Every structure is written in C-alpha cells, then in structure tokens.
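>>> Show me the folded form of this:
(one chain, ligands or ions: 2)
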Amino acid sequence: MAEKDAKKPTVVIVLGMAGSGKTTFVQRLLRELYEDDAFNPYAINLDPAVKSVPFPCNVDIRDTVDYKQVMKGYKLGPNGAIVTSLNLFTTKFDQVIKLIESKGDSVSHVVMDTPGQIEVFTWSASGNIITEALAANFPTVVVYVMDTVRSTNPVTFMSNMLYACSILYKTRLPFIVAMNKVDVVDHKFAVEWMSDFEAFQDALKTETSYVANLAQSLSLALDEFYSHLRTVGVSAVSGKGVDAFIEAVKESRREYETDYKAEYERLKAMKEQKAKEETEKVSSSSSSLVHSMRESVYLRPSGADDFEEDSEEEARDEDAEEASKEDDGFKNYLSQHKKKLDSKINK
Ligand SMILES: Nc1nc2c(ncn2[C@@H]2O[C@H](COP(=O)(O)OP(=O)(O)O)[C@@H](O)[C@H]2O)c(=O)[nH]1
Ligand SMILES: [Mg+2]
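Ligands and ions are numbered 1, 2, ... in the order given. Prediction:
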C-alpha cells in the first residue's frame with residue numbers, strides 16, 4: 001500500500017431501514033472513536049429532515065440545503081423534498097471530498113449518517129454519486145444496520161437479508177452487517193440461521209408451505225452472500241459490540257485495499273466525468289436553493305452533556321455564536337471531552 005493511501009481516513013457509510021438505529025449507532029460509534037486517543041473521527045450528516053443531530057457534526061447537509069424551503073420552492077411533499085435536498089447537496093459533494101482531503105492524516109474515520117428512509121440513498125442517483133465519489137478517493141466501507149428485534153421472524157429476517165444483499169451487489173464495497181439492539185434481543189439466532197440451514201428451516205415450520213419453501217430456497221441462494229459477510233452484534237444504546245465493530249471496519253479497510261481499490265481506480269475517471277455531467281444538469285435548475293458549502297457549526301465546545309440534544313433555542317444561539325470559529329470550537333469540544341474522560345478515569 002502506498003504511504004499516501006495508508007494515511008487516508010476510512011469512510012464508513014451507515015445505511016439501514018428507517019428506525020433501525022442508524023443515527024443512534026453513528027452517535028455511539030463517534031463517541032467510542034473520540035474516547036480512543038488513536039482515533040479522530042469526522043462526522044457527516046446526510047439527513048436533511050432530522051430536527052437536531054445528536055452528535056458533533058463536521059459537515060451537515062442542513063447547512064447547505066434548507067429542506068423546508070425545498071418543499072415550498074418545488075411544491076413537494078416530505079419524501080420528494082428529502083430526495084431533492086440530497087440531489088442538491090450532491091451538486092456540492094466535490095467540496096466535501098476536498099474538506100476531508102484538507103484534513104490530511106489528522107482524521108482516522110469519516111462516519112456518514114444517511115436519511116431515515118433507506119431508498120433515498122440506495123436507490124437514487126445522488127446516493128450512487130456520493131458513494132462512488134467517496135470510494136474512488138478513500139477506503140470505504142458500507143455498514144448495514146439491521147434492527148435485530150424486528151428480525152426475529154424468519155420471513156422478516158429473510159427480507160432484511162435480501163435487501164442487504166441487493167445493496168452489497170449495488171455498491172460493490174466491503175460490507176458489514178451491524179445487528180443492532182442486542183441489548184433487547186441477542187443476535188445469536190440470526191447468526192445461527194445464516195450458518196445452519198436446518199435451523200432456519202425449523203424456524204420456518206409455522207409458516208405456510210409456500211412462504212416456507214420460498215424462504216428456504218432464498219436461504220440457499222444467499223449462502224454465498226452469507227459466507228462473505230461480516231456480522232457484528234451491537235447495541236447503539238449500551239455500546240455493546242462497538243469495539244468488535246471498529247475491528248471489523250479495520251478488516252474491511254484491508255479488504256478494500258486488496259480487492260476493491262484497483263476496480264475503483266479504473267472506474268474513477270469514468271465516474272468523475274459522469275458525476276460532472278449529472279451535477280451540471282441539476283445545478284443549472286437549482287442554484288438559488290443551495291447555499292455554499294461550509295463545515296457545520298452544530299458543535300458544542302462548552303462540553304455539555306455530550307451528544308444529547310439541545311433545545312432549538314440553544315442551538316440557534318450557539319449557531320450564531322459559533323458561526324465563524326468551527327475549528328476552534330471543535331478543538332475545544334474535543335479537549336473538554338477528553339478532560340472529562342480523564343477525570344472520570346482518575347476517579
Ligand atoms: N433498545 C435499543 N434501541 C435502539 C438502539 N438503537 C436505536 N434504538 C432506538 O431505535 C429508534 C430509532 O433510532 P434512530 O437512530 O433514530 O434510527 P434511524 O432512523 O435508523 O436513524 C430510536 O427510538 C432509538 O432510541 C439500540 O441499540 N437498542
Ligand atoms: Mg436517522
């Protein structure tokens with residue numbers, strides 16, 4: 001591996017069904033990374049409709065595109081406005097790449113939260129452009145957050161795995177399934193269903209024969225997919241399994257270097273040209289609603305009770321106050337956070 005590449009941050013794209021716990025997981029992962037001196041994460045929020053982002057965020061789509069204005073301006077409903085906001089943001093994504101590059105080797109991970117509804121990112125041109133732009137420039141890993149509690153039914157589990165599989169084939173990137181909410185239900189059953197066909201067959205006994213037969217056939221078809229999958233049981237709420245997850249990210253990064261990088265470099269030139277054309281198409285019709293890119297100011301240097309939500313009023317006050325000093329603010333935040341941790345450890 002070239003030395004230059006060894007210093008690049010690992011990009012972690014977090015996907016998953018609405019309510020699977022993406023945002024909570026990103027919050028937890030960032031917290032664990034901040035707490036380890038070896039790491040320095042960089043956070044991106046791509047959800048334009050979220051009311052407040054519960055983690056210190058370096059780039060926030062909401063600073064660039066006002067989702068409510070997009071709704072009004074284009075006379076769209078909530079879902080259309082989310083898709084359009086993401087499209088508008090994508091027209092500026094080259095600037096996000098430059099911001100990350102400008103951090104040099106000071107950043108270890110770039111963690112990206114995506115819109116609540118999974119298809120906004122996975123089945124849109126902008127989701128493709130963003131994923132490809134990241135993967136062409138940095139070692140990139142896709143994380144599929146699965147709601148383990150909602151997957152205890154074998155048929156629901158199978159639907160979830162089919163979706164994960166479709167994303168794997170679409171992105172062609174190293175892939176981790178984070179089986180979330182293990183504080184409520186242990187993910188052992190899911191691991192068993194993936195490795196032991198008969199156990200899955202047993203679980204299907206209560207289904208009608210048609211559904212059971214279909215699920216069994218699909219399970220056999222997915223065998224190859226399962227065998228290449230990294231799965232980690234995690235709890236975004238309790239933090240359980242997050243260390244193992246960070247280790248899985250490390251392995252996935254190695255996999256990117258050995259198996260994926262060459263392919264992405266070959267495609268890079270082609271993709272850049274395509275992205276440029278798409279971007280020009282969109283930006284010619286939308287410029288008035290897209291503000292210029294800046295790093296986020298939703299940072300709280302005063303050490304508050306980390307990662308929890310501010311009241312809207314507080315957030316607005318801080319917004320005004322912090323607007324011009326992102327870097328200082330961020331450094332302060334980190335040093336305060338570290339001080340607190342140190343004092344906790346010394347106690
Ligand atoms: N028990 C439990 N609840 C969780 C966990 N992760 C997320 N949740 C809850 O699941 C709901 C959806 O989480 P959120 O992060 O907003 O999901 P998103 O739509 O995928 O971003 C919230 O009520 C969270 O508190 C977890 O590990 N355990
Ligand atoms: Mg979310």
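>>> who's in contact with the residue of the stretch 151-300 of the chain found nearest ligand 2?
Closest approach between the stretch 151-300 of the chain and ligand 2, counting by Cβ to the ion: Ala236, at 10.8 Å. Where you see a C-beta, it was placed from the backbone N, CA and C, and this is true even at glycine. Counting by Cβ atoms under 8 Å, 6 or more residues apart in numbering, Ala236 touches 21, 24-25, 27-28, 180-181.
>>> element containing Val70, please.
Secondary structure assignment for Val70, by DSSP states H and E: helix 67-74.
>>> picking up where we left off before, make CSV from the contacts of Ala236 and add distance to ligand 1 to it.
Shown next, in CSV, are these (distance: Cβ to the nearest ligand atom, whole Å):
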residue, distance to ligand 1
Gly21, 3
Thr24, 3
Phe25, 6
Gln27, 8
Arg28, 8
Asn180, 5
Lys181, 4
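>>> What about these, which are in helices?
24-25, 27-28 (DSSP state H).
>>> Enumerate the residues of the protein near ligand 1.
Contact residues, the chain versus ligand 1 (Cβ under 6 Å from any ligand atom): 16, 18-24, 116, 180-181, 183-184, 235-237.
>>> Around ligand 2, which positions in the chain sit nearby?
Residues of the chain lying near ligand 2 by Cβ under 5 Å from the ion: 22-23, 116.
>>> What is the lowest-pLDDT residue among the residues you listed?
Least confident by pLDDT among these: that is Gly116, with 90.
>>> Next, the contact list for the nearest residue to it once chain neighbours are set aside, please.
The shortest distance from Gly116 to any non-neighbouring residue, by Cβ to Cβ, 6 or more residues apart in numbering, is to Ala18 (4.4 Å). Contacts of Ala18 were listed using Cβ under 8 Å, 6+ apart, and they are 116-118.
>>> Just to be sure, Ala18 is in a strand?
No. Under DSSP: H, G, I helix; E, B strand; the rest coil, Ala18 sits outside any strand and is assigned coil.
>>> secondary structure class for Tyr144?
Reduced to three states by three-state DSSP, Tyr144 is strand.
>>> Ignore what I typed, I meant Lys51.
coil.
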